[in-house]
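# Give me a model of this one.
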Amino acid sequence: MDLTYTGRGVPVTDDMRAFALHKLARLERIEPRTTRIDLEVIAEHHPKPNGTKRVDAALQIPRKTFRAHAEASDVPTALDAVVDKLERQLRDHHGKKRTQKHKADGIESAHVSPAPADTSE
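Numbers count the residues shown, from 1 in each chain. Below you'll find the predicted structure:
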């Protein structure tokens, strides 16, 4: 997995890199085909004067890219929110893949009405 960090208005420190690597490892366990994660940390000056930090992330797997962003007063909180959003997207994607595969195989037993019971009187 290739992990890139970009900081706009914020220096990317080694502590930030270590924290991000620790958090993003969870995503790689969910989706082992992950080829690249782009992480961008942005210091927002406008419209909020308190110096909000925004984290944008793009997780790439073959033929699909998942994107998420979050804002918070500090980078670790925003990174936690981004990881949660990406994890939800990956889990939804896995559910969709499984459902489409079952539909393609013709296995839709949940929608089939039960056969009438034999009642001999």
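# Run through the helices of the chain in chain order.
In the chain, the segments counted as helices under DSSP state H are 14-30, 75-105.
# burial measure for the residue nearest to I30 when sequence neighbours are not counted, as a count.
What sits nearest to I30 in space, not counting adjacent residues and going by C-beta to C-beta, 6 or more residues apart in numbering, is L90, at 5.0 Å. For glycine as for every other residue, the C-beta is placed from the backbone atoms N, C-alpha and C. L90: 18 surrounding residues under other C-beta atoms under 10 Å.
# The one 3 residues further on now?
For H93, the neighbour count with other C-beta under 10 Å is 15.
# can you pull the contacts of it?
Listed by C-beta atoms under 8 Å, 6 or more residues apart in numbering, the contact set of H93 reads K64, F66.
# again, but for V55
Per C-beta under 8 Å, 6+ apart, neighbours of V55: 39-42, 69-72, 75, 78-79, 81-82.
# now Q89
Applying C-beta under 8 Å, 6+ apart, we find Q89 in contact with F66, A68.
# pLDDT score for it?
On the pLDDT scale, Q89 is placed at 95.
# can you tell me how far it sits from L27?
To L27, Q89 is 10 Å away according to C-beta to C-beta, to the nearest Å.
# got it, and L3?
11 Å.
# Thought M16 was touching V41, still the case?
Yes - taking C-beta atoms under 8 Å as the definition, V41 is a contact partner of M16 at 7.1 Å.
# okay, and the common contacts of those two?
With C-beta under 8 Å, 6+ apart, V41 and M16 have common neighbours Y5, V75.
# So which of those two has more stuff around it?
Between V41 and M16, counted using other C-beta under 10 Å, V41 has the larger neighbour count: 22 against 19.
# coming back round to it: make a markdown table out of the contacts of V55 and add pLDDT and distance to P32.
Formatted as a markdown table, the contacts of V55 follow (pLDDT from 0 to 100; distance: C-beta to C-beta, whole Å):
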| residue | pLDDT | distance to P32 |
| --- | --- | --- |
| L39 | 95 | 19 |
| E40 | 95 | 24 |
| V41 | 94 | 26 |
| I42 | 92 | 29 |
| H69 | 95 | 24 |
| A70 | 94 | 24 |
| E71 | 92 | 30 |
| A72 | 91 | 29 |
| V75 | 91 | 27 |
| A78 | 93 | 26 |
| L79 | 94 | 21 |
| A81 | 96 | 23 |
| V82 | 97 | 20 |
